[in-house]
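A.B. asks: below are the sequence and a predicted model; questions follow.
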Amino acid sequence: MVIECKHVWDHISDYLDGTLAPEVLKTVQEHLEHCELCSAILDSTRNILILTADDRVFELPLGFSERLHARLEAEIRAIAPDHDGRKNIAEEKEDSKGPDEPSDE
Amino acid sequence: MTGIPDDRDEAKIIASILAGNTNEFHDLIRPHERSVYVMALSLLQNEADAEEAAQETFLKAFRNLAMFRGESKFSTWLISIALNEARSRLRSRKSMKTDSLDSPPEGEGHVTPALLRDWREIPSEVLERSEVRKLLQNAIADLPVIYREVFLLRDVEEMSIAESAEALGITISSVKVRLHRARIMLQKMLVPQLKQVSPKRRWFQWS
């Protein structure tokens, strides 16, 4: 089956996701083999997706995590039960890297 | 890349937090900081607002953790909270002119890509340059919001189509239609600009 360029463009996204039905895929592939224009459109779209998926495009603002975890810490302490000795994490803030084990016995 | 924990590990941590080990919440959310921020930024278009909304999202997630039933992934649940948070901030921001929440019609019509025959691969090394990062950010920001959200979830945060649909509360076929448009619109916007990034010079071989 022969397919026009503009119909191939409609399938680019599904083609990249690998979700085209087998018979459509075959038609699109045959078209791509001899159509420079559609191949270049497909390659450039794929290339752009690779670039935009790169972690460097969207970076967290400097200090984001520190500010977030400080705010969470305040919230956690405000909410954490303090009647049964669990709220023992309060003094251990500075040296903690991993989760502090509450001394529950 | 952050190591995404598998769902069972997350379920264990969540159970532990709910049992009183609240401090483990810090570790639970670490892998999701960036995606929550990026989604808030996508709607609010302002770093400070997005950071606020992201913080609020994690606080809400902490307070409502008992309501997370594990029917969806934790990441999907977080993203829906983030989108709700950002949307309600948008609504209260009266002066927001650039983007209304009213979506463009989703109807028919082809989106035509930029036509070209000579595409030479642009290597990821160009992302070292801040003006190229800015170019990509601006192109994504210029997408209508309904396309932008889908694009970010699927192609930037690499969620599946089904997860993106769940986070946005839309159907899988809407995700596919919007995603297609978003990708073609970006191709159309970015191809001419990226070709200018280095018009004559050949790329170095890095391998």
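C.D. replies: Perfect, I can see it now. Numbers count the residues shown, from 1 in each chain, chains lettered A, B, ... in the order given.
A.B. asks: next SSE downstream of the helix or strand residue A:31 falls within?
C.D. replies: Assigned by DSSP states H and E, residue A:31 falls within helix A:22-34. Helices and strands here follow DSSP H and E; after helix A:22-34, the next one along the chain is helix A:36-52.
A.B. asks: now that following helix against helix A:22-34, angle please.
C.D. replies: Counting by axes from the mean of the first three to the mean of the last three CA atoms, to 10 degrees, helix A:36-52 lies at 110 degrees to helix A:22-34.
A.B. asks: where does chain A get nearest to chain B, residue-wise?
C.D. replies: Proximity of chain A to chain B (CB to the nearest CB) peaks at residue A:13, 3.6 Å away. Backbone N, C-alpha and C define where each C-beta goes, glycine included.
A.B. asks: quick check: that residue touching residue B:183?
C.D. replies: Yes. With contact defined as CB atoms under 8 Å, residue A:13 counts as touching residue B:183 (5.2 Å).
A.B. asks: so between the two, which is more surrounded?
C.D. replies: A count of neighbours by other CB atoms under 10 Å in any protein chain shown puts residue B:183 above the other of residue A:13 and residue B:183, at 27 against 23.
A.B. asks: what residues are up against residue B:152?
C.D. replies: By CB atoms under 8 Å, 6 or more residues apart in numbering or on different chains, residue B:152 lies in contact with B:38, B:39, B:42, B:140.
A.B. asks: er, residue A:38 I mean
C.D. replies: Residue A:38 touches A:5, A:8, A:9, A:31, A:32, counting by CB under 8 Å, 6+ apart.
A.B. asks: can you check residue A:72 too?
C.D. replies: B:25, B:26, B:29, B:58, B:59, B:62.
A.B. asks: what pLDDT does it get?
C.D. replies: The model reports residue A:72 with a pLDDT of 95.
A.B. asks: the contacts of residue A:38: which two are farthest apart?
C.D. replies: A:9 and A:32 (11.4 Å; CB to CB).
A.B. asks: sort the contacts of residue B:152 by pLDDT and name the bottom one.
C.D. replies: Ranked by pLDDT, those bottom out at residue B:42 (92).
A.B. asks: I'd assumed residue B:148 was in contact with that residue.
C.D. replies: Yes. If you go by CB under 8 Å, residue B:42 and residue B:148 touch, sitting 5.4 Å apart.
A.B. asks: picking up where we left off before, who has more neighbours, residue A:9 and residue A:32?
C.D. replies: Shown here are residue A:9 and residue A:32; by other CB under 10 Å, residue A:9 has more neighbours (22 against 17).
A.B. asks: hmm, back to that, out of the contacts of residue B:152, which two sit at the greatest distance?
C.D. replies: The most widely separated members of these, counting by CB to CB, are B:39 and B:140 (12.0 Å).
A.B. asks: looking at those two, which is more packed in?
C.D. replies: residue B:39 (29 against 25).
A.B. asks: which residues touch the residue nearest to residue B:160 when sequence neighbours are not counted?
C.D. replies: Closest residue in space to residue B:160, ignoring its immediate chain neighbours: residue B:154 at 7.9 Å, by CB to CB, 6 or more residues apart in numbering or on different chains. By CB under 8 Å, 6+ apart, residue B:154 lies in contact with B:160, B:161, B:164, B:175, B:179.
A.B. asks: nearest to chain A, of those?
C.D. replies: Scanning those for proximity to chain A, where the rule is CB to the nearest CB, the winner is residue B:179, at 5.7 Å.
A.B. asks: helix or strand: which one has that closest one?
C.D. replies: Element membership for residue B:179, per DSSP H and E: helix B:172-197.
A.B. asks: buried sites along that helix?
C.D. replies: By neighbour count on 16 or more other CB atoms under 10 Å in any protein chain shown, the buried set for helix B:172-197 is B:174-191, B:194-195.
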